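S.K.: Dropping the sequence and predicted coords here.
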Amino acid sequence: MTRIVSRVIIRAAPAVVWQLASNLAAQPEWMRDLVAVRFASAQRSGPGVVMECDTRIGPFRLTDRIVVSEWQECRTIAIRHEGLVTGTGRFSIEPDLVGTRLTWIEELRFPWWLGGSVAGAAARPALTATFRRDLSRLRRLAEAGVQAAHG
């Protein structure tokens, strides 16, 4: 299993960060590796949402089936990856002295025929860099929204 942990401090209230992070349809705006989201369930938020997500990391493209397994308003979104690469992901939002701390944890399993744990280890640096860039974009969007509101 490949585990990736990314964190960012955002100078915005947790509710502002939650509004951006929990808008699943709009996640491609800040997750540049997420090309498209198609809902396979009538739900658009909360546990039980099912999505087909077209993902691109470098030259690699895949469709990831994602199921939301946990949803705690303004706190946590947890998902299961049920596509080619399986595993779990979790966003956790916590108040911080300057605003909000968002932690993103992914635990991914690559299929044996793609190299399994060796592929996961090889992919870790690219995935870590991608997730950090994604969180930087989310931070910029949240902080720009706060600036515009006080502008």
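M.R.: Nice, I can see it. Numbering: from 1, shown residues only.

S.K.: Now do the contacts for residue 54.
M.R.: With C-beta atoms under 8 Å, 6 or more residues apart in numbering as the criterion, the residues that contact residue 54 are 34, 35, 36, 61, 62, 63, 64. C-beta here means a position set from N, CA and C on the backbone, and glycine is covered the same way.

S.K.: Kindly apply the preceding question to residue 10 instead.
M.R.: Residue 10 makes contact with 16, 17, 99, 100, 101, 102, 138, 139, 142, 143 under the criterion C-beta under 8 Å, 6+ apart.

S.K.: go with 6 Å
M.R.: In this structure, residue 10 makes contact with 17, 99, 100, 139, 142, judged by C-beta atoms under 6 Å, 6 or more residues apart in numbering.

S.K.: and which of the residues you listed is nearest residue 118?
M.R.: Sorting these by how near they are to residue 118, with C-beta to C-beta, puts residue 139 at the top with 32.7 Å.

S.K.: before we move on, which element is that closest one in?
M.R.: Counting by DSSP states H and E, the element that carries residue 139 is helix 116-150.

S.K.: Which strands and helices lie in contact with that helix?
M.R.: Helix 116-150 makes packing contacts with strand 2-10, helix 14-21 when contacts are defined by 3 or more C-beta pairs under 6 Å, 6 or more residues apart in numbering; DSSP states H and E.

S.K.: lowest confidence element among the helices and strands of this protein?
M.R.: Of all the helices and strands that make up the chain, helix 116-150 has the lowest average by mean pLDDT, DSSP states H and E, namely a mean of 88.

S.K.: Off-centre distance for that helix?
M.R.: 8 Å (C-alpha atoms, centre = their mean, to the nearest Å).

S.K.: Report the angle between it and helix 14-21.
M.R.: Relative orientation of helix 116-150 with respect to helix 14-21: 120 degrees, computed using axes from the mean of the first three to the mean of the last three C-alpha atoms, to 10 degrees.

S.K.: Just the buried positions in helix 116-150, please.
M.R.: 119-120, 123, 127, 130-131, 134-135, 137-139, 141-143, 146 (16 or more other C-beta atoms under 10 Å).

S.K.: Now the two most distant members of those residues.
M.R.: Of all pairs drawn from the buried residues of helix 116-150, the one with the largest separation by C-beta to C-beta is 119 and 146; the distance is 39.7 Å.

S.K.: ok so, going back, strand 2-10 and the helix holding residue 139, what's the angle between them?
M.R.: Orientation note: helix 116-150 sits at an angle of 10 degrees relative to strand 2-10 (the same axes, to 10 degrees).
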